[in-house]
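A.B. asks: Sequence and predicted structure below; questions after.
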Amino acid sequence: MAYEKTYEEINAKIRRGEAVVVTAEEVIAIVAEKGVEKAAREIDVVTTGTFGPMCSSGAFINFGHSNPRIKMKKVWLNGVEAYSGIAAVDAYIGAAQLPETDPENKVFPGRFTYGGGHVIQDLVAGREIRLEAVAYGTDCYPNKKVDTLITINDVNEAFLFNPRNGYQNYNCAVNLGDRTLYTYMGILKPKLGNASYSSAGQLSPLLNDPHYKTIGLGTKIFLGGGIGYVAWNGTQHHPNVERGENGVPRVPAGTLTVIGDLKQMDPNWLVGLSYVGYGATMAVGLGIPIPILNEEILYYTAVKDEDIFCPVVDYAEGYPYKKPIDLGYVNYRDLKSGRVEINGKMVVSTPQSSYPRAKKIARTLQEWIKQGSFELTQPVAQLPLADAEIDFKSIPERSPNGFTINR
Amino acid sequence: MKDKVVCYFSAAQSEQPIIYRLVKNYDLIVNILKADINPQKEGYLVTELEGERAKYEEGISFLKSLGVIVEPLSETVMWDEDTCIQCGACASFCPTEALSIDRDSMEVSFDNSKCVICEMCLECCPTRAIRLHFEVQGAAR
């Protein structure tokens, strides 16, 4: 590790318009041709990207006050409830929230045509949104009802705050049962009828920095078509898992909490989604630049789809009932080829995460950095690392009233 | 010859063994792609008919003589490229590979000529980029 670069040196090159920036896909061929040592000297930044459903996403909004003022007890945006148990006219709209009138799965499988993710997309697109709020009224906040139309330009703040994005690796979902399943991994046909996966693989941010050496708190990122930041580790961040020799986790591992101003984002990169039988959610565009500070960091960015493995998980019983069913591992090269072997059977595989869009994010970030409009930030603190002692907890089964629960 | 047609029929017609007659009397290969009959027994049938040209035309004339409205199947499933996020989830459900992924670029495309209107893609597309553009007219028009 003789060769080292600093964030300052890389940013100086970016400002001069001299930085060498490649995508996490392009770097593979460069390293294969020139070797890690030479490539590390030449390349300053590797850009990554991912665009897929990320349910743990949402936005904080401050609506400003009505006259007379109101302390909102309940708030709805286009009929979708936003959480308002915070200050008077603040609320949080979650991507997976449904309108109260949604039939859900009463007629199975439900359609879930509109939810919080669609509200966020409509907001970002500048469309009018119906804002309804009710309150009980206080001396300081006498108003009890608001029913109006707003756009994103009418609110004080609107910022995305996604508690779990950019999952470092994910399950490949299959169905060993004998009926069709409707899941957050899409429709799964019975008896190993298909396999569904959801990762950008070799382009995915955390798979290119498996030990979180550059991605940390404060890292400036591409988020929803605009600028965002890593705010914290994501929920369920679980870095101390089984990893391959290349350092890449073989199961879902690290996650990110990200934040960014919704007003500068783009509806092409925050897209409301409807999963039949499951619910509504949102596809989030996320891209992270990786500064090539040394050879080791470059080595990690050169990871290929064939070297990234994920577990095959049964969603009939294995996932929902936590039954340990070993179906082995598959790699992303095979998953992307459209056919993978599972339990001795060739199974059709399709993604939930958009590889072409992930590539477009990595390219966009590449352009921004080349043009000098996007500089890199050094994290102010690290994410919990692979040696962290983190237990993956479940809800305890206790009996507050002497009754047995959850059984 | 081989062609896809939509047959709209009324309650009286739906009680007749029309398909049987097409096979038996006109020697046509009938592949029913989609059928829908409402509680009033009116409905439509999307079918692919294959046979000798003369027999094919006689078969169509037979349908029309019963009062069945026969129309050529025009574009039905619409893929909105701008709404599509290129995830590719549809590809494992399309039986004819009308919706398919280029496995190098991972880009999704739609070949309308291969589509048999099974409608599986309508369910599995999370962005609802695939729509059925299918003007079902009243059979008793």
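C.D. replies: Good, I have the coordinates. Numbering: from 1, shown residues only, chains lettered A, B, ... in the order given.

A.B. asks: Ramachandran angles for A:Val119?
C.D. replies: Per-residue torsions, A:Val119: phi -60, psi -50 (degrees, to the nearest 10).

A.B. asks: Assess the claim that A:Arg168 and A:Gly247 are in contact.
C.D. replies: Residue A:168: Gln, not Arg. No: counting by C-beta atoms under 8 Å, A:Gln168 does not reach A:Gly247; the two are 10.9 Å apart. All C-beta spots, glycine's among them, are computed from the backbone N, C-alpha and C.

A.B. asks: which residue of the chain sits farthest from its center?
C.D. replies: Let's take chain A. A:Asp139 (42.1 Å; C-alpha atoms, centre = their mean).

A.B. asks: other chain: chain B
C.D. replies: Relative to the chain centroid, chain B (C-alpha atoms, centre = their mean) has B:Asp104 farthest, 30.7 Å.

A.B. asks: how close does that residue get to A:Glu25?
C.D. replies: Taking C-beta to C-beta, to the nearest Å as the measure, B:Asp104 falls 12 Å from A:Glu25.

A.B. asks: same deal with B:Gly88?
C.D. replies: From B:Gly88 to A:Glu25 the distance is 17 Å (C-beta to C-beta).

A.B. asks: So between the two, which is more surrounded?
C.D. replies: B:Gly88 (27 against 22; other C-beta atoms under 10 Å in any protein chain shown).

A.B. asks: List the residues that contact that one.
C.D. replies: Each residue near B:Gly88 by C-beta atoms under 8 Å, 6 or more residues apart in numbering or on different chains is listed here: A:350-351, A:354-355, B:101, B:106, B:108.

A.B. asks: Can you check what pLDDT the model gives it?
C.D. replies: B:Gly88 carries a pLDDT value of 96.

A.B. asks: now it: how far from A:Lys393?
C.D. replies: For B:Gly88 relative to A:Lys393 (C-beta to C-beta), the value is 34 Å.

A.B. asks: just A:Glu104 next, same as before
C.D. replies: 28 Å.

A.B. asks: three-state assignment of A:Arg164?
C.D. replies: strand (DSSP: H, G, I helix; E, B strand; the rest coil).

A.B. asks: quick revisit: tell me the SS of the residue farthest from the centre of chain B?
C.D. replies: Looking at B:Asp104 with three-state DSSP, the answer is coil.

A.B. asks: now, which of the contacts of B:Gly88 sits nearest A:Arg41?
C.D. replies: If you rank the contacts of B:Gly88 by distance to A:Arg41 using C-beta to C-beta, A:Tyr355 comes first, at 29.6 Å.

A.B. asks: how's chain B carved up into domains?
C.D. replies: B:2-72, B:77-132 (automatic domain parsing).

A.B. asks: among the ones you listed, which is nearest A:Val31?
C.D. replies: domain B:77-132 (20.3 Å).

A.B. asks: In contact with residue 66, which residues?
C.D. replies: Since no chain was named, I'll use chain A. So A:Ser66 contacts A:143, A:146 (C-beta under 8 Å, 6+ apart).

A.B. asks: was after chain B, sorry
C.D. replies: Contacts of B:Leu66 by C-beta under 8 Å, 6+ apart are B:9, B:13, B:16, B:18.

A.B. asks: go again using 7 Å as the cut-off
C.D. replies: Residues near B:Leu66 by C-beta atoms under 7 Å, 6 or more residues apart in numbering or on different chains: B:13, B:16, B:18.

A.B. asks: Could you give the number of residues near A:Arg15?
C.D. replies: The burial count for A:Arg15: 11, using other C-beta under 10 Å.

A.B. asks: Just to check, A:Val248 is in contact with A:Leu207?
C.D. replies: Yes: A:Val248 sits in contact with A:Leu207 when judged by C-beta atoms under 7 Å, with a separation of 5.9 Å.

A.B. asks: Could you measure from the residue most central in space within chain A over to A:Gln352?
C.D. replies: Geometric centre of chain A, nearest residue: A:Asn165, 2.6 Å, by C-alpha atoms, centre = their mean. Look at A:Asn165 and A:Gln352: by C-beta to C-beta, they are 14 Å apart.

A.B. asks: now swap in A:Asp326 and tell me
C.D. replies: In terms of C-beta to C-beta, A:Asp326 sits 23 Å off from A:Gln352.

A.B. asks: Report the distance from the single longest helix found in chain B to the chain centre.
C.D. replies: Identified as the longest helix of chain B according to DSSP state H is helix B:53-65. Relative to its chain's centre, helix B:53-65 lies at 19 Å (C-alpha atoms, centre = their mean, to the nearest Å).

A.B. asks: Which strands and helices lie in contact with it?
C.D. replies: Under the contact definition 3 or more C-beta pairs under 7 Å, 6 or more residues apart in numbering or on different chains; DSSP states H and E, helix B:53-65 sits against helix B:18-26, strand B:69-72.

A.B. asks: hang on, isn't the residue nearest to the centre of chain A packed against A:Leu286?
C.D. replies: Yes: judged on C-beta under 7 Å, A:Asn165 makes contact with A:Leu286 at a distance of 5.7 Å.

A.B. asks: Find residues that contact each of the two.
C.D. replies: Contacts common to A:Asn165 and A:Leu286, judged by C-beta under 7 Å, 6+ apart, are A:Val258.

A.B. asks: avg pLDDT for stretch A:189-203?
C.D. replies: pLDDT averaged over stretch A:189-203 gives 97.

A.B. asks: Run through the helices of the chain in chain order.
C.D. replies: Assuming you mean chain A. For chain A, the helices defined by DSSP H cover A:7-16, A:26-42, A:116-124, A:205-208, A:295-301, A:332-337, A:355-370.

A.B. asks: wrong one, I was asking about chain B
C.D. replies: B:11-14, B:18-26, B:53-65, B:120-124.

A.B. asks: Single out the most deeply packed of the ones you listed.
C.D. replies: helix B:120-124 (a mean of 20; mean count of other C-beta atoms under 10 Å in any protein chain shown).

A.B. asks: Just give me how far it sits from the chain centre.
C.D. replies: Distance, centroid of helix B:120-124 to centroid of chain: 15 Å (C-alpha atoms, centre = their mean).
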